[in-house]
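Trainee: what's the 3D shape of this:
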Amino acid sequence: MVSKTANTATSEQLPTEEELLAMPESDYMNPAQRAFFRNRLKELEQEILNNAGATTENLRETQFVPDPADRATIEEEHALELRTRDRERKLLKKVQQAIVSIDSGEYGWCEETGEPIGIARLLARPTATLSLEAQERREMRQKLYGD
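Mentor: Residues are numbered from 1 along each chain as shown. You can find the predicted model right below:
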């Protein structure tokens, strides 16, 4: 019998989103759920890294355009692409931290309260570190007091 670990699991062996949502609360963050989210985060990490590589290649292919309006358009497109990659760079850090937290057994638990974050919230935002209620409280404090 071959054991299935998170590192060797294929997408056919992983539960679907519907199966995750149907699991009882008592099974929260069981090995199948951790493997599912680890796989999802690894895919997201690879996608971000691929996008960064494509951006680098795109920026290297600079074109000389004599028309100032066309040149300005190209420069604006490059600036937009760089801003997008900067956001993805920050997301990459969160993705990598989430993978580490899966490996340490802390993934899926609110950093502030220690309560479950919830499968539905993790499906929507796999890098979430706070439960919905804790996140709302944090946003309210930031709105009231500035942070």
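Trainee: can you list the domains in this protein?
Mentor: 28-107, 108-147 (automatic domain parsing).
Trainee: any idea which of those domains has the lowest pLDDT on average?
Mentor: Of all those, mean pLDDT reaches its minimum on domain 28-107 (a mean of 89).
Trainee: and that domain, how far apart are its ends?
Mentor: Length of domain 28-107, first residue to last, C-alpha to C-alpha, to the nearest Å: 11 Å.
Trainee: hang on, the earlier thing: select, out of the domains of the chain, the one closest to residue 17.
Mentor: If you check each of the domains of the chain against residue 17 by C-beta to C-beta, domain 108-147 wins as the nearest, at 5.7 Å. Quick note: C-beta positions are derived from backbone N, CA and C, even for glycine.
Trainee: okay, the domains of the chain in TSV with distance to residue 16 and mean neighbour count next?
Mentor: Listed next are the domains of the chain as TSV, based on distance: least, C-beta to C-beta, whole Å; neighbours: other C-beta atoms under 10 Å:
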stretch	distance to residue 16	mean neighbour count
domain 28-107	9	14
domain 108-147	11	15
